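>>> dropping a prediction and its sequence here:
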Amino acid sequence: MTELRRLALFTAVTIAGIIGTAIGALPGAAFGDIGFIGGGIAAGLLAVLVTVNLLARTRVALSDRRRHVTKGAVIGYLLFALFAVATMPTMIGPMIAVLFIGAGAVFGDHLAAESERALPAVDD
């Protein structure tokens, strides 16, 4: 079940990042290149944050791991934005870089799970 939950987390956060970036970049393009990039990044980050919170409420992402998943997704999104802007003329770069978004969320979930296992058991 953990693998399916992580696959759902990866897919949902990645798609949300893509859609949010596209929605933010379109009106931002009216303000030139900076608006295009800034609007895309702002809306994409917002979409990722909202998606992680929704997934935590629907228990796809465990609510006690929400903070780690959010940090991972945000770092993954920022890596995506960095690589996408740097490789935009090639078009293959942004298409591959989009995987950073979901990978960051899954990595955050994995780190949270590892830290839970590392905690000593508390006897009542």
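Perfect, thanks for sending it.
>>> check contacts around residue 20.
Residues in contact with residue 20 (C-beta atoms under 8 Å, 6 or more residues apart in numbering) are 43, 44, 45, 46, 47, 48. From N, CA and C alone the C-beta is placed, and that goes for glycine too.
>>> does the fifth one belong to a helix or a strand, and which?
To tie it back to what came earlier, the one meant is residue 47. Counting by DSSP states H and E, the element that carries residue 47 is helix 32-57.
>>> can you list the buried residues in that helix?
For helix 32-57, burial by neighbour count (16 or more other C-beta atoms under 10 Å) applies to 36-37, 39-41, 43-45, 47-49, 51-52, 55-56.
>>> in terms of secondary structure, what does the helix or strand of the chain with the lowest mean pLDDT contact?
Taking mean pLDDT, DSSP states H and E as the measure, the helix or strand of the chain with the lowest value is helix 99-118, at a mean of 89. On a contact count with 3 or more C-beta pairs under 8 Å, 6 or more residues apart in numbering; DSSP states H and E, helix 99-118 meets helix 2-28, helix 32-57, helix 66-86.
>>> now the helix holding residue 47 and helix 66-86, what's the angle there?
160 degrees (axes from the mean of the first three to the mean of the last three C-alpha atoms, to 10 degrees).
>>> residues contacting the spatially closest residue to residue 109 that is not a sequence neighbour?
Nearest in space to residue 109, with sequence neighbours left out and distances taken as C-beta to C-beta, 6 or more residues apart in numbering, is residue 69 at 5.1 Å. Residue 69 makes contact with 9, 52, 55, 56, 61, 105, 108, 109, 112, according to C-beta under 8 Å, 6+ apart.
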